[in-house]
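Participant: Please work out how this folds:
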Amino acid sequence: MLSMKKNDKARKNIGKSFSFLTANQWSYIGLILTMISVYFIINQRFLLAALLFGVGGFLDFVDGAVARHRKEATKKGAYLDTILDRYTEAIIIFALIFVSIPTLFIDSEIWLFLYLFGSMMTTYAKAAASEKKIIDELSVGILQRQDRIFLLIVALFSAVFSLAVLGYFIVILAILTNISALQRIFAAMAKGKK
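Facilitator: Numbering: from 1, shown residues only. Sure thing, here's the model as predicted:
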């Protein structure tokens, strides 16, 4: 309970501190930082890529806090944020195709595809359940978006030292995102309305 109060206070402080721009502007800046980090990933400058992507990930938290602080939280803003989140993750996965990640059982490109597929299906399983009015809120899953972003940032930092470790992170992300998608699908089918 105390932890939630601290999180709410931190969110309010961040919203106030960053309110000199709108939430959407912060979202676009985060996307731009991600696109710049793609350049560094392709050129295997992983430390800069991880730092830029990490700041972009933080700005994804900032945009929501700013929207609430400025009392500008809207359905359109939430929609835009969700769409930009998907682009952000897909852009990074695309950039990793150009990195010579060692083969771990199967080619790294297949692991990257499985990661992208699992990431998109996790989101789509939630959106489809809501659209079809099967279940109001579906947030189960072993790996939420913020967890995926954190692991991806750690993976990029690890690539500074070893491309093999980066590969292991991609495998973990590929497996866990698909497990998360399946968890959401099963939850919607088990708990949802007929």
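
Participant: if I read this right, residue 117 contacts residue 178, doesn't it?
Facilitator: Yes - Residue 117 lies in contact with residue 178 (Cβ atoms under 8 Å); the separation is 7.1 Å. Every residue, glycine included, has its C-beta placed from N, CA and C.

Participant: Those two: who's more crowded?
Facilitator: Each of residue 117 and residue 178 has its neighbours counted (other Cβ atoms under 10 Å); residue 178 has more, 18 against 15.

Participant: separation between the more buried one and residue 88?
Facilitator: Separation of residue 178 from residue 88 (Cβ to Cβ, to the nearest Å) stands at 19 Å.

Participant: tell me which helix or strand of the chain sits lowest on mean pLDDT?
Facilitator: helix 2-17 (a mean of 68; mean pLDDT, DSSP states H and E).

Participant: which other residues reach the helix or strand immediately after that helix in the chain?
Facilitator: Remark: after helix 2-17, the chain's next helix or strand is helix 23-42, criterion DSSP states H and E. If you take Cβ atoms under 8 Å, 6 or more residues apart in numbering as the criterion, helix 23-42 is touched by 18, 21, 46, 48-50, 52-53, 55-57, 59-60, 62-64, 66-67, 70, 72-73, 77, 80-81, 84, 87-88, 91-92, 94-96, 98-99, 156.

Participant: How about stretch 123-136?
Facilitator: Taking Cβ under 8 Å, 6+ apart as the rule, stretch 123-136 contacts 82, 85-86, 137-139, 145, 181, 184-185, 187-188, 191-193.

Participant: For those residues, which ChimeraX command selects only the ones that are buried?
Facilitator: Selection of buried members from those for ChimeraX, criterion 16 or more other Cβ atoms under 10 Å:
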select :85,138,145,181,184,185,187,188
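
Participant: Just give me how far the helix or strand hosting residue 164 sits from the chain centre.
Facilitator: Using DSSP H and E, the element containing residue 164 is helix 163-191. Distance, stretch centre to chain centre, for helix 163-191: 13 Å (Cα atoms, centre = their mean, to the nearest Å).

Participant: One more: stretch 37-56?
Facilitator: Worked out by Cα atoms, centre = their mean, stretch 37-56 lies 15 Å from the chain centre.

Participant: For the remainder of this discussion, apply numbering that starts at 337.
Facilitator: Shifting the count to begin at 337 puts that one at stretch 373-392.
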